[in-house]
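S.K.: one predicted model, sequence on top.
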2 protein chains.
Amino acid sequence: MPNADLLIINAAELVTCAGFSHSPARGADQGRLGIIEAGAVAVADGRILEVGATADLLTRHNLPTDQVLDAHGGVILPGFVDAHTHLVFAGDRSAEWESRMQGKPYLEILREGGGIQSTVEATRAASQDDLLANARKWMRRCLAGGTTTVEIKSGYGLNRDDELKMLEVARQLGAEGPIAVVATYLGAHVVPSDYKDRRSEYLDLVESTAREVAQRNLARFFDVFCEEEAFTLAETERLLGFAQDLGFGLKLHAEQFTAFGAAGLAAQMGATSVDHLERLDDEGLAALKKSVALSSTKGTVAVLLPAVAFHLGLDRNPPARRLIESGVPVALATDLNPGSAFTPSMPMVITLATRRLGLTTAESIMAATINGAHAVGLGAETGSIEPGKRADLIVCDIPHHKWLGYAFGWNPARTVIVGGAVIIPERLPGPGLD
Amino acid sequence: MPNADLLIINAAELVTCAGFSHSPARGADQGRLGIIEAGAVAVADGRILEVGATADLLTRHNLPTDQVLDAHGGVILPGFVDAHTHLVFAGDRSAEWESRMQGKPYLEILREGGGIQSTVEATRAASQDDLLANARKWMRRCLAGGTTTVEIKSGYGLNRDDELKMLEVARQLGAEGPIAVVATYLGAHVVPSDYKDRRSEYLDLVESTAREVAQRNLARFFDVFCEEEAFTLAETERLLGFAQDLGFGLKLHAEQFTAFGAAGLAAQMGATSVDHLERLDDEGLAALKKSVALSSTKGTVAVLLPAVAFHLGLDRNPPARRLIESGVPVALATDLNPGSAFTPSMPMVITLATRRLGLTTAESIMAATINGAHAVGLGAETGSIEPGKRADLIVCDIPHHKWLGYAFGWNPARTVIVGGAVIIPERLPGPGLD
């Protein structure tokens, strides 16, 4: 056994989320936190070496005090995995958001050049350096809330150069660390206005760009917004098939505005995750359930995004309890984006899931950690506190894990540990509004 | 003019909320932020000395760099005034809250000894030192979010000794600072079970205790929970009259569960604030409107508490827009308490007000600052950035004030200044979970 180089002790509750590295937690397991009381974690070379009782680990690992972090009776959790974000963007849609909150119809906003089109224009106009500088601020805000792995989508470029520019920014963010980045190519976010009457040409462009993305290893996943306003089922099937052949993992924006059949398609094609599901119907649910039953290992993870309806003042939530009761593994993510979910905070998402989706706090924590990790293909690497995994942990300033649901509006993360590096969010330099 | 001892410069927007020190902002003025671009504030002896453009103030006040705080293009706001909290308490109601979220009826919880009764028992059982230690943690969490003045109610003692104990804790918190504390005696929170069949004896007890509270100067306000389950209109009128004679300012928990007529009574008796109003009807609204029209100076402030419905997963909000359109001044507060609103965060309350009450971001900011100050009788002392007022300010890490509504789930307060003392929330010692 290598020598430990960091020991974290005295957690009132060490929430391990252990036992689901090979396949996501589902059904009754969705809430099985694997809590160790008076727990401790030993870390070596950025990986978790040992997990157990504080008394035992203190006996076995004799470290100098500057390598011992005392949780002082707080809660230790796995770092959050935010499995769905659009964190790379330019522009500011606060005025549009406020108009919407004051009752202006979204279609009117679109007619006036607002909506996603304005983000596309701003993102195209921005230099790679400007995009990077803006994204770094959001990475720091994510980290402060305990996110240690983040998925980032392209999709505001909608042409070869600007999609690649976004993915280069995501790659740079991952290289800078400390948060681990999983990139997703979302050229099929929406058909851009200049291709309005040339849809099949745009599909060709998405595919040729996908080929380049694969060659340059710029993204692990391929995502399509499958919806009446975006891409049809047939188009989605064509694109996913193409992407699968290139070796991409598959994701889908599905059933957000209408029950469109996208969840069934995702399940059938073995997508890693199917995201949104606000309008999932019985048929879609049955398809997801069936995929889980058939799969010898994983099945498609349902990624729920409660910040969207909340941000827009809507009461339109996915059937989270039915998904869990059907055995479909559920993950939670922010959907961080300037239009429909302007939050970097996984604690906020848990606050919403417990109040608006009917999840228990324990189910929400699993959804935000190990199941999030599976939703980005990293179930064996992060998302739980088990020997061998990357040492991604949060020390929370709460007396027990239920406070993660119960208390809200403040940041419970006192210390965040990413790959063994100890980060105190409070000591991060400010985002620097220059 | 005294010499400045602190200069805060380079706010993209200095949100002054100025012009409403003598009477709260109402109607169209509710959203009149009085923004100074590229703004700066000079502070002397804990008070605001001068407000203006950065270039001008830098010329006039030549201070060493360690007395100059650069807002780096962020937003400066008045410190938040949280006008309604139950911050002094003992006990943990997370299990009860989770049962409720999972569908358990509140009446069943009450039958099992949960609900407010459990907080009363825990608070009675706690020593003054234990209450103080717990409250200090919450004060730090409030401060981190930018709260510089907080109202604190008693009401979990419900007997002479334990009510006085709570108010002593509030006094101690105020003495420790830096947050300014306004105490409210809420002996009339609910009739305790041991007085169930002796209501008038309990009223006598509330009055005799009130006399002692007044003699010892332990509270500025007197509050009654006027509701079928608590105190009738006639009882409330008796208590408020008694309290008024003792020199207390009046507050009322009104129209939370039923349209009970409490708002009308409050308006008629010249209450400083009337809080909750989720069930305010036309008659109550008319009474509040009339009180505003009649009053030569202030009128009763409506204190809205959107965290309560959110915390409990309910969709029951006060008619905020109608109040503003009727010219009733609106304030926002957390209602921080372990049963129905477990949040210390005024930014979170603004997040909720803009999404669930129909307030604009500007109206919400005024409600959380100057109108909150009026709701605790401190309109001339804090709540806006004007010469002579206490130097209570927040430097926010956002590019303009609309982000206070638009972005959510993270703490925008980078630096909080209370009575001229510069506090960096991030450098506060952790609550210390002992």
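M.R.: In hand now; what should we look at?

S.K.: does residue A:49 touch residue A:60 like I think?
M.R.: No: under the criterion of CB atoms under 8 Å, residue A:49 makes no contact with residue A:60, lying 9.9 Å away. All C-beta atoms are positioned from the backbone trio N, CA, C, and that covers glycine.

S.K.: which residues do the two both contact?
M.R.: residue A:42 (CB atoms under 8 Å, 6 or more residues apart in numbering or on different chains).

S.K.: settle it for me: which of these two has more neighbours?
M.R.: The neighbour comparison of residue A:49 against residue A:60 (other CB atoms under 10 Å in any protein chain shown) goes to residue A:49, with 23 against 15.

S.K.: mind listing what the more buried one touches?
M.R.: Here residue A:49 is in contact with A:1, A:2, A:4, A:42, A:43, A:387 (criterion: CB under 8 Å, 6+ apart).

S.K.: that one: what secondary structure?
M.R.: strand (DSSP: H, G, I helix; E, B strand; the rest coil).

S.K.: how near is it to chain B?
M.R.: 25 Å (CB to the nearest CB, to the nearest Å).

S.K.: again, but for residue A:315
M.R.: To chain B, residue A:315 is 7 Å away according to CB to the nearest CB.

S.K.: mind pulling the model confidence for the residue nearest the centre of chain A?
M.R.: Taking CA atoms, centre = their mean, the centroid of chain A lies closest to residue A:83, which sits 1.7 Å from it. At residue A:83, the pLDDT value in this model is 98.

S.K.: ok, now residue A:251?
M.R.: Looking at residue A:251, its pLDDT reads 97.

S.K.: shouldn't it be in contact with residue A:222?
M.R.: Yes: Residue A:251 lies in contact with residue A:222 (CB under 8 Å); the separation is 7.1 Å.

S.K.: now list whatever residues contact both of the two.
M.R.: residue A:184.

S.K.: who has more neighbours out of these two?
M.R.: Using other CB under 10 Å, the more surrounded residue of residue A:251 and residue A:222 is residue A:251, with 32 against 27.

S.K.: so which elements touch the helix or strand hosting the more buried one?
M.R.: Per DSSP states H and E: residue A:251 is located in strand A:249-254. Packing partners of strand A:249-254 (3 or more CB pairs under 8 Å, 6 or more residues apart in numbering or on different chains; DSSP states H and E): strand A:221-226, helix A:233-245, helix A:262-268, strand A:273-276.

S.K.: reformat these as TSV; add distance to residue A:341 and mean pLDDT.
M.R.: What follows is these, written out as TSV (distance: least, CB to CB, whole Å; pLDDT from 0 to 100):
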stretch	distance to residue A:341	mean pLDDT
strand A:221-226	15	97
helix A:233-245	22	97
helix A:262-268	19	92
strand A:273-276	11	97
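
S.K.: quick one, which of those gets closest to residue B:330.
M.R.: strand A:273-276 (34.9 Å; CB to CB).

S.K.: mind listing what's buried along stretch A:54-70?
M.R.: Neighbour counts over stretch A:54-70 (16 or more other CB atoms under 10 Å in any protein chain shown) mark A:54, A:57, A:58, A:61, A:63, A:68, A:69 as buried.

S.K.: can you flag which of these belong to strands?
M.R.: Secondary structure defined by DSSP state E assigns A:68, A:69 of the buried residues of stretch A:54-70 to strands.

S.K.: report the contact partners of residue A:320.
M.R.: A:304, A:330, A:353, A:357, A:358, A:359.

S.K.: look up phi and psi at the closest residue to residue A:30 other than its chain neighbours.
M.R.: Once flanking residues are discounted, residue A:30 sits nearest to residue A:363: 4.8 Å by CB to CB, 6 or more residues apart in numbering or on different chains. Here is the backbone geometry of residue A:363 (degrees, to the nearest 10): phi -60, psi -40.
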